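Asker: Compute the structure for the input listed below.
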Amino acid sequence: MGTKIFINLPVKDLNKSKEFFAKLGFTFNPQFTNQNAACMIISEDNYAMLLVESFFKTFTKKEIVDAKKNTEVLIALSAENKAKVDEMLGKALAAGAKEPRAPQDHGFMYGRSFEDPDGHIWEIFWMDPKAINQ
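Answerer: Down below sits the predicted model:
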């Protein structure tokens, strides 16, 4: 089995978070979803574990960051092209997300970001494959 990434995020209202991400087209693995957690499938090897704050606290002795006031992490997801970046942002904004900054267009790379209901920042970007090979 190859390496898989599981991003663990604290959420205040699990059902609200699941509804939000479902509107963006994400699905959940029912095998790892219950009243405390939801396993959101990002891709075949990437997942976000949405954990109710009280459950999240069982994994750390540190305080949970209030993501609406402070940033601890930026979650970046690649998209197939610029249109897919805009499509994802359109879905996120329609579902109630906030766009914290203007789109970034560097020619070879294009990105936009949104804040989910708990304030976590998701960066959606496209990079020209030709720029990667140089």
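Asker: Can you pull out the low-pLDDT segments for this protein?
Answerer: 1, 133-134 (pLDDT under 70).
Asker: what's in contact with the top helix by length along it?
Answerer: Ranked by residue count, the top helix of the chain under DSSP state H comes out as helix 82-94. Contacts to helix 82-94, defined as C-beta atoms under 8 Å, 6 or more residues apart in numbering, come from residues 23-25, 77, 79, 99, 110-112, 114, 116, 122, 124-126. The C-beta positions use only the backbone N, C-alpha and C, and glycine is treated the same way.
Asker: Ok, stretch 31-48 next?
Answerer: 2-9, 14, 17-18, 21, 26-29, 49-52, 54-55, 75, 77.
Asker: Apply 6 Å and report the result again.
Answerer: The contact list for stretch 31-48 (C-beta atoms under 6 Å, 6 or more residues apart in numbering) reads 4-7, 9, 14, 18, 21, 26-29, 49-52, 55.
Asker: rewinding a little: so for the longest helix of the chain, what gets flagged as buried?
Answerer: Using 16 or more other C-beta atoms under 10 Å as the test for burial, helix 82-94 gives K82, V85, D86, E87, M88, L89, K91, A92.
Asker: helix, strand or coil for the closest residue to A67 other than its chain neighbours?
Answerer: Nearest residue to A67, sequence neighbours excluded (C-beta to C-beta, 6 or more residues apart in numbering): G119, at 3.4 Å. Classification of G119 by DSSP: H, G, I helix; E, B strand; the rest coil places it in coil.
Asker: Begin at 14, not 1, for the rest of this chat.
Answerer: In the new numbering, first residue 14, that becomes G132.
Asker: surely G132 meets K81?
Answerer: Yes - counting by C-beta atoms under 6 Å, K81 is a contact partner of G132 at 3.5 Å.
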